[in-house]
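**Q** Sequence first, then the predicted structure:
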Amino acid sequence: MSTEKPARAWFIAGTDTGIGKTFATCALLHAARSRGKTALGMKPVAAGALRIGDEWINEDAAALRAAGSFDPGLALLNPCCLREPIAPHLAAAEEGVHITLAPLLAAFDALRRQAEVVLVEGVGGFRVPFAADYDSADLAVDLGLPLILVVGMRLGCLSHALLTVEAIAHRGLPLAGWIANHVDPAMLRPEQNVAALEERIPAPLLGRLPWCADGDPRQAASSLRLPD
Ligand SMILES: Nc1ncnc2c1ncn2[C@@H]1O[C@H](COP(=O)(O)OP(=O)(O)OP(=O)(O)O)[C@@H](O)[C@H]1O
Ligand SMILES: C[C@H](N)[C@H](N)CCCCCC(=O)O
Ligand SMILES: [Mg+2]
């Protein structure tokens, strides 16, 4: 499948690992699809893979594949799949892999010609090392994409979120919006915490994802919008 013009694309960053980047990205994919857009997710670098049948697959890549309009193939969706669920530069070193931009960029460019919306999920927080001289923030810069920041709403997230917003601005990247993901159902004063971030983040709140035990991103999609 090939589209006439390259997709609109965003880089999905998070305040930390395990705060709902994949969940929010899948929900955004469903939101785009429900508006009639073809949408694909991408996980350029993943750490942690399971052997299923004859392929090694990362669970984020599997979730993004399931949420996309069609399966573009794992080679494009997740060009760098490291086995161990650890920091990527450590997993890469153990496997003798050197993570470089070229194959990641080639896969992204190919995906971008196949859909109207492409969402690229980062790894962990905003600045995770890939190699001695390269990290996930460098990748966001090299892809040249506007960012969407997923904030995992829990105690401690205010500083993580504001530092991440600073780091994004420091690199000259546009912040297209942010998402409040309620990962902690026991968080005290959730409304006031969201309000504190709304007052301080110079980008629109694209939606709030409630805590949901079943974690169905299709349902969550109705709580989100893509940036204008
Ligand atoms: N709003 C929510 N309600 C309930 N559970 C959630 C919510 N958001 C995320 N989770 C759960 O939290 C866990 C971590 O979410 P997710 O895998 O999306 O995080 P991540 O930021 O993508 O992590 P990683 O850094 O590994 O990529 C998952 O089990 C997911 O189902
Ligand atoms: C394995 C895990 N699920 C993540 N994808 C990798 C998170 C790396 C975090 C590195 C760090 O900042 O300490
Ligand atoms: Mg993820």
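**A** The structure has been received and is ready for your questions. Ligands and ions are numbered 1, 2, ... in the order given.
**Q** Around ligand 2, which positions in the protein sit nearby?
**A** 17, 47-48, 85, 87, 123-125, 128 (Cβ under 6 Å from any ligand atom). (Each C-beta comes from the backbone N, C-alpha and C, glycine too.)
**Q** Now secondary structure, pLDDT and distance to Phe23 too, for those residues, in a markdown table please.
**A** Formatted as a markdown table, the residues of the chain next to ligand 2 follow (DSSP: H, G, I helix; E, B strand; the rest coil; pLDDT from 0 to 100; distance: Cβ to Cβ, whole Å):
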| residue | secondary structure | pLDDT | distance to Phe23 |
| --- | --- | --- | --- |
| Thr17 | coil | 98 | 13 |
| Ala47 | strand | 98 | 18 |
| Gly48 | coil | 98 | 16 |
| Pro85 | coil | 98 | 17 |
| Ala87 | coil | 98 | 21 |
| Val123 | coil | 98 | 15 |
| Gly124 | coil | 98 | 15 |
| Gly125 | coil | 98 | 16 |
| Val128 | coil | 98 | 18 |
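**Q** tell me the pLDDT at Glu4?
**A** In this model, Glu4 is scored at 66, pLDDT.
**Q** Who does the spatially most central residue of the chain form a beta bridge with?
**A** Most central in the chain under Cα atoms, centre = their mean is Glu121, positioned 2.4 Å from the mean C-alpha point. Going by DSSP bridges, Glu121 is paired in beta bridges with Ile12.
**Q** didn't it look like it was pressed against Met42?
**A** Yes. Here Glu121 reaches Met42: they are 6.9 Å apart, a contact under Cβ atoms under 8 Å.
**Q** Show me which positions of the least confident helix or strand in the chain by mean pLDDT end up buried.
**A** The weakest-scoring helix or strand in the chain, judged by mean pLDDT, DSSP states H and E, is strand 55-57 (a mean of 91). Of the residues in strand 55-57, 56-57 count as buried by neighbour count, 16 or more other Cβ atoms under 10 Å.
**Q** which is the next helix or strand following it?
**A** Sequence order places helix 59-67 as the next helix or strand after strand 55-57, per DSSP states H and E.
**Q** What is the end-to-end distance of stretch 116-134?
**A** The first residue of stretch 116-134 is 29 Å away from its last residue (Cα to Cα, to the nearest Å).
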